[in-house]
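Colleague: Requesting a structural model of the entry that follows:
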Amino acid sequence: LFWPNRVLFFKCAVLLFLIWPILSICIGWATKEFGIAEGLFLLFVLSGGWMVMHWIKKSHADTSLGFLLLFINLLFVSLSLLMLHGFGIYTADYFGEHYTDENNVGNFARAVLILLIVVPFVTSRIVLFVKPVVAFINQFRSYISNISIFVILFYLFGLQSSQYLFDLYDFEPELIYIALGGVLAFYAVTFVASKLIFDLDSEHERAAFWHSVTRYITLALVISTFTTNTFGVSMLLPIMMAYVI
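Modeller: Below you'll find the predicted structure:
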């Protein structure tokens with residue numbers, strides 16, 4: 001699947017690791033808020049996520065190619081974290097902030113990769129050999145999926161860092177609207193650009209289109225909860241608003 005569609009994969013890589021980061025940097029600078037800029041950047045270097053396969057299936061796109069894109073993007077999460085780390089280093093002075101050595105992205109990147117990608121992937125391969133478990137999962141797939149999503153979001157939104165958002169709304173309510181404006185601007189541009197770049201009459205390119213316009217929001221939310229002490233609580237704002245979109 002990869003070699004016959006290499007041009008399509010190249011287009012996706014250029015968008016994800018060059019065009020979208022540059023665009024998010026521009027929008028982030030315009031917000032003049034370190035946390036919001038970092039949240040936008042993190043959100044848009046993480047493509048795909050658990051919703052992307054839903055939209056690929058719903059639009060009758062190529063699910064095999066969509067899954068391969070999803071897997072490749074997961075392999076490159078380390079590059080996304082490295083880019084976020086670099087963004088923190090080189091933009092902190094612009095925003096008048098200090099990117100600490102004690103609590104930065106590099107200190108937890110390995111744990112994120114192992115716990116959120118390697119362990120689940122290896123576990124899923126092992127589970128495939130246990131037929132009764134596979135049958136149970138297939139029978140109750142939708143319920144398991146919904147329950148697991150609820151548990152994850154209930155836990156993350158219940159963290160103390162999420163509660164700080166109420167204080168943020170009391171003392172700096174303008175940040176809510178700045179973050180919303182930044183997220184809406186980015187989604188609008190990525191949607192229009194992706195429609196122009198990808199041929200939606202092709203099931204292959206339709207799969208790539210959905211990877212281009214959807215983000216891995218839950219992974220972004222997990223990572224942001226580790227870095228609120230570094231980038232500020234406002235980093236959560238763009239990610240939480242992206243859930244609505």
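Colleague: Point out where the protein drops to low pLDDT.
Modeller: Applying pLDDT under 70 to the chain picks out residues 100-103, 156-157, 159-163.
Colleague: center of it - which residue?
Modeller: residue 216 (3.0 Å; CA atoms, centre = their mean).
Colleague: Distance check, that residue against residue 225.
Modeller: Per CB to CB, to the nearest Å, residue 216 is found 15 Å from residue 225. Any C-beta I mention is one placed from the backbone N, CA and C, and that applies to glycine too.
Colleague: Looking at the chain, which helix is longest?
Modeller: helix 174-197 (DSSP state H).
Colleague: Check the secondary structure at residue 201 for me.
Modeller: The three-state assignment at residue 201 reads coil, by DSSP: H, G, I helix; E, B strand; the rest coil.
Colleague: sorry, back to before: tell me the contacts of the closest residue in space to the residue nearest to the centre of the chain that isn't next to it in sequence?
Modeller: Excluding its sequence neighbours, the residue lying closest to residue 216 (CB to CB, 6 or more residues apart in numbering) is residue 49, at 3.5 Å. Residues in contact with residue 49 (CB atoms under 8 Å, 6 or more residues apart in numbering) are 214, 215, 216, 217, 218, 219.
Colleague: quick one: residue 45 and residue 18 touch, right?
Modeller: No: with contact defined as CB atoms under 8 Å, residue 45 does not reach residue 18; the gap is 10.3 Å.
Colleague: Which one's more surrounded, those two?
Modeller: residue 45 (25 against 10; other CB atoms under 10 Å).
Colleague: SS state for the closest residue in space to the more buried one that isn't next to it in sequence?
Modeller: In this structure, residue 45 finds its nearest non-sequential neighbour in residue 80, 4.2 Å apart by CB to CB, 6+ apart. Using three-state DSSP, the structure places residue 80 in helix.
Colleague: number of nearby residues for residue 80?
Modeller: 26.
Colleague: same deal with residue 127?
Modeller: 12.
Colleague: And residue 37, by the same measure?
Modeller: Using other CB under 10 Å, residue 37 has 30 neighbouring residues.
Colleague: Then residue 118?
Modeller: The burial count for residue 118: 12, using other CB under 10 Å.
Colleague: I'd like the distance from the most far-flung residue of the chain relative to its centre to residue 138, if you could.
Modeller: Ranked by distance from the centre of the chain (CA atoms, centre = their mean), the top residue is residue 132, with 33.1 Å. Per CB to CB, residue 132 is found 11 Å from residue 138.
Colleague: contacting residues around the longest helix of the chain?
Modeller: In contact with helix 174-197 (CB under 8 Å, 6+ apart) are residues 11, 15, 19-20, 23-24, 27-28, 30-31, 33, 36, 39-40, 43-44, 168-169, 209, 212-213, 234, 237-238, 241-242, 245.
Colleague: next helix or strand past that helix?
Modeller: As assigned by DSSP states H and E, the chain's next helix or strand after helix 174-197 is helix 203-213.
Colleague: from the middle of its chain, how far away would that next one be?
Modeller: Once both centres are worked out by CA atoms, centre = their mean, to the nearest Å, helix 203-213 turns out to sit 16 Å from its chain's centre.
Colleague: got the angle for it vs helix 174-197?
Modeller: With axes from the mean of the first three to the mean of the last three CA atoms, to 10 degrees applied, the angle from helix 203-213 to helix 174-197 works out at 160 degrees.
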